[in-house]
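Participant: Pasting the sequence and the predicted coordinates here, then a few questions.
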Amino acid sequence: MTCAALADKVADSKFVLAFFGQESDAMFKDAHVPYANGEDKIAFVHVADADCAAAHGATAPGAVFFRKFEETTLVYSGAADKDALQAFVKPLMVPTVFEFTDE
């Protein structure tokens, strides 16, 4: 996926987990792909462009979680492990502040 395609995906999706790096990287094989296989609420993407990673505050190999509320871009800095990646992402899928309206 290109950096422009990533921007489109982030604009169109509530949650996106982007992996930056090569498919041979442990983070991709041991964390990103296994997590993607069991999660349907997040769009999982792969971007090989290191410049795109840097534009989002990450280094390749690495992962960034994008969401539509609060802090929208969150860089993952944990282990190349599905459970660790999942433990990072899951709490980020729920807003910490809820807006109450008459609706």
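Facilitator: Received the coordinates, thanks.
Participant: contacts, neighbours, all on C-alpha from now
Facilitator: OK.
Participant: Name the residues of stretch 50-62 that come out as buried.
Facilitator: 50, 52-53, 58-62 (16 or more other CA atoms under 10 Å).
Participant: Any regions of this protein where pLDDT drops low?
Facilitator: 98, 103 (pLDDT under 70).
Participant: 90 instead, please
Facilitator: 95-103 (pLDDT under 90).
Participant: picking that back up, which of the buried residues of stretch 50-62 fall in helices?
Facilitator: 50, 52-53 (DSSP state H).
Participant: Now render those as TSV, adding distance to residue 80.
Facilitator: Shown next, in TSV, are those (distance: CA to CA, whole Å):
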residue	distance to residue 80
50	18
52	20
53	17
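Participant: hmm, who's touching the biggest helix by length in the chain?
Facilitator: Counting by DSSP H, the longest helix found in the chain is helix 3-12. Outside helix 3-12, the residues that touch it by CA atoms under 8 Å, 6 or more residues apart in numbering are 16, 45, 47, 49, 52, 66-67.
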